[in-house]
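Novice: show me the folded form of this:
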Amino acid sequence: MAACALLALGALCAAAVLPVHSFTSYANDFVNPHYMLAGNFSQSTTRAQQSIISAAEQLAAKGPWSVTFKNITPPSGDLHDYMSWAPYSWPDCSKAGNTTALTQEQIWTTCPYVTRDGQFNPDARLVNDVGSFSDLADAVFYNALAWALDGQASHAASVASSIQTWFIEPKTAMNPNLNYAQMARGPDGQTGSHEGVLDLKCMAKIVSGILILWEGNAPQWTMELDTQMKNWTTQYIGWLENADIAIQEAKAANNHGTFYYNQLAALQILVGDLDGARGTLERYYKNQFLSQISANGDQPLESARTRPYHYRAYNLAAMITNARLAAYIDYDTWNLTTSAGATVQSALNFAMQQSPGHETASELYSNVAAVAAAYGDANGKYAAFLLQHDGSSYVEDPAFLWDQPLSDSGLVRVTPAASSASPAAAKPSAAGGGKSGSEVPPKDSGAASWHPVRLGFFRGFVFATVPLIHLL
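Specialist: Now for the predicted structure:
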């Protein structure tokens, strides 16, 4: 009977093949809107700017996205509920007792499911709300960045349309909960798990994009849309803080916990609850962070996984994002230490020394750039590492724009006629709250959080024939 299940899975693998995209998708990012709107970019970032605009155009052409577009209905019977299946969960139909081949639906409800850590089950993407949200987050992120660079109304309009469709429009809006995220399948029922909260970790990217438009006074980001989005966010924050599975995720000691605080703090910033965001980040630094990095810089909870190189880079991206969110609200955490006396820089230095083996080396590269920007690179070791391992690609990566200061290793030829001035630099940047005044004060640019996957060039990691999604 296990063979029947494998046949069913094999049949859908071909159907899951999707086109490869030539843009970089990070595990998480938070880019300071004031840095982008100031437009004071080094001429060495010209290639990165071009990459951002190219990605924005590609992603805008893919949308819009909605949870209501899926073909499988959640157990609630409401397509507006977000839904995903546990990615590492596999059916064991050996004791199902069937006499004929099981249909896919019968497998999902009849066969017990077992977890195989790090082994992605391709049929999990038959329900692809997680992939749709990933694309949505990237589309909002890149189009907002592109608008800050060239001022084209089409970029801002793409952001507004994407947000309207996913969160606001009654026919397509997502209900503000993750009750059916990373559901466990099998005879015991279809319920969401706390791991599913990870699916929406890239809310930090969306918040970055919205703040850029709001504080840059983009006409396309209207007062009405801003109010509607904040109302939705307030409801979702209530779910994140009170739902049983969300509370479980908040207690996770590994990358799951780190990403939970990325998500909640970013959303609190969006609604103007800066005190709440500070409290959220303080909980992370006073709890999970203390045990996440050993004295030698290792991340033992990530190193114990089946793909240690990946998971070290993954949690690093989340830790960097928390530090950037904290910097935005004047909470300096870059030099906070774990119980063992280690910092985020310690974790990066350790990770750089490890061999990727059969894993994808490029998963670490943008973390290297982020740490260089945050802590400095006086002896040039971080730029040298990137040049040695990534060649000229690192100055073309979008994050090179905000991972500054960072040497371009002489790869970008600057001429007197060259200019990286952005139209956004001439636009009024509302100090602190865009159209509403002093809601959010200006901050330094900090350092970014990157976990790169340049799909067109096979940077990062790809799950064979299914869409790229960053997983637990």
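Novice: can you show me the CA trace of stretch 344-358 as CSV?
Specialist: The C-alpha coordinates for stretch 344-358 follow below in CSV (Å, rounded to 0.1, in the frame of the first residue of the first chain):
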residue,chain,number,x,y,z
VAL,A,344,25.4,37.4,16.3
GLN,A,345,28.8,38.2,14.8
SER,A,346,30.2,35.2,16.7
ALA,A,347,27.6,32.9,15.1
LEU,A,348,28.4,34.3,11.6
ASN,A,349,32.2,33.8,12.1
PHE,A,350,31.6,30.2,13.2
ALA,A,351,29.3,29.5,10.3
MET,A,352,31.8,30.9,7.8
GLN,A,353,34.4,28.3,9.0
GLN,A,354,32.1,25.3,8.4
SER,A,355,32.2,23.3,5.2
PRO,A,356,28.8,23.3,3.4
GLY,A,357,29.4,19.7,2.3
HIS,A,358,26.5,18.8,0.0
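Novice: so for Tyr375, what's the nearest residue that isn't a sequence neighbour?
Specialist: Excluding the flanking residues, the one nearest Tyr375 by CB to CB, 6 or more residues apart in numbering is Gln345, at 5.0 Å. Bear in mind the C-beta positions are built from the backbone N, C-alpha and C, glycine included.
Novice: looking at it, the one you found is touching Val371, isn't it?
Specialist: Yes: with contacts counted by CB atoms under 8 Å, Gln345 reaches Val371, the gap being 5.5 Å.
Novice: which of these two has more neighbours?
Specialist: Between Gln345 and Val371, Val371 has the larger neighbour count (other CB atoms under 10 Å), namely 28 against 18.
Novice: so what pLDDT did that one get?
Specialist: pLDDT recorded at Val371 is 98.
Novice: do you know how far it is from Met183?
Specialist: 36 Å (CB to CB, to the nearest Å).
Novice: let me know how buried the spatially closest residue to Gly216 that is not a sequence neighbour is, in neighbour terms.
Specialist: Excluding the flanking residues, the one nearest Gly216 by CB to CB, 6+ apart is Leu37, at 5.0 Å. Under the neighbour criterion other CB under 10 Å, Leu37 is assigned a count of 25.
Novice: switch to numbering from 593
Specialist: Renumbered: residue one is now 593, and that last one reads Leu629.
Novice: can you classify Leu629 as helix, strand or coil?
Specialist: Here Leu629 is recorded as helix under DSSP: H, G, I helix; E, B strand; the rest coil.
Novice: thought it was touching Ile804?
Specialist: Yes: the criterion here is CB under 8 Å, and Leu629 meets it with Ile804 at 6.7 Å.
Novice: just the strands from the stretch 843-992 of the chain, written as ranges.
Specialist: Read by DSSP state E, counting those that start in this stretch, the stretch 843-992 of the chain holds no strands at all.
Novice: ditto for the stretch 643-792 of the chain
Specialist: Counting by DSSP E, counting those that start in this stretch, the strands of the stretch 643-792 of the chain are 675-677, 681-683, 705-707, 772-775.
Novice: quick one: list the elements packing against the second one.
Specialist: For strand 681-683, the contact count by 3 or more CB pairs under 8 Å, 6 or more residues apart in numbering; DSSP states H and E identifies strand 705-707 as packing neighbours.
Novice: 10 Å - rerun?
Specialist: Helices and strands touching strand 681-683, as assessed by 3 or more CB pairs under 10 Å, 6 or more residues apart in numbering; DSSP states H and E, comprise helix 594-607, helix 696-702, strand 705-707.
Novice: distance from it to the middle of the chain?
Specialist: For strand 681-683, the separation from the chain centroid amounts to 25 Å (computed by CA atoms, centre = their mean, to the nearest Å).
Novice: try the last one
Specialist: Taking CA atoms, centre = their mean, one finds strand 772-775 lying 18 Å from the centre of the chain it belongs to.
Novice: moving C-terminal of that strand, what's the next helix or strand?
Specialist: Per DSSP states H and E, strand 772-775 leads on to helix 795-807 as the next helix or strand towards the C-terminus.
Novice: next one: that next one to chain centre, how far?
Specialist: For helix 795-807, the distance to the chain centre is 13 Å (CA atoms, centre = their mean).
Novice: convert the C-alpha atoms of it to CSV, please.
Specialist: Provided in CSV are the C-alpha atoms of helix 795-807 (Å, rounded to 0.1, in the frame of the first residue of the first chain):
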residue,chain,number,x,y,z
MET,A,795,5.4,39.8,7.2
ALA,A,796,8.6,41.8,8.0
LYS,A,797,9.2,42.2,4.2
ILE,A,798,5.6,43.4,3.8
VAL,A,799,6.0,45.9,6.7
SER,A,800,9.2,47.2,5.0
GLY,A,801,7.3,47.8,1.8
ILE,A,802,4.3,49.5,3.4
LEU,A,803,6.4,51.8,5.5
ILE,A,804,8.4,52.9,2.4
LEU,A,805,5.2,53.9,0.6
TRP,A,806,3.5,55.5,3.6
GLU,A,807,6.5,57.5,4.8
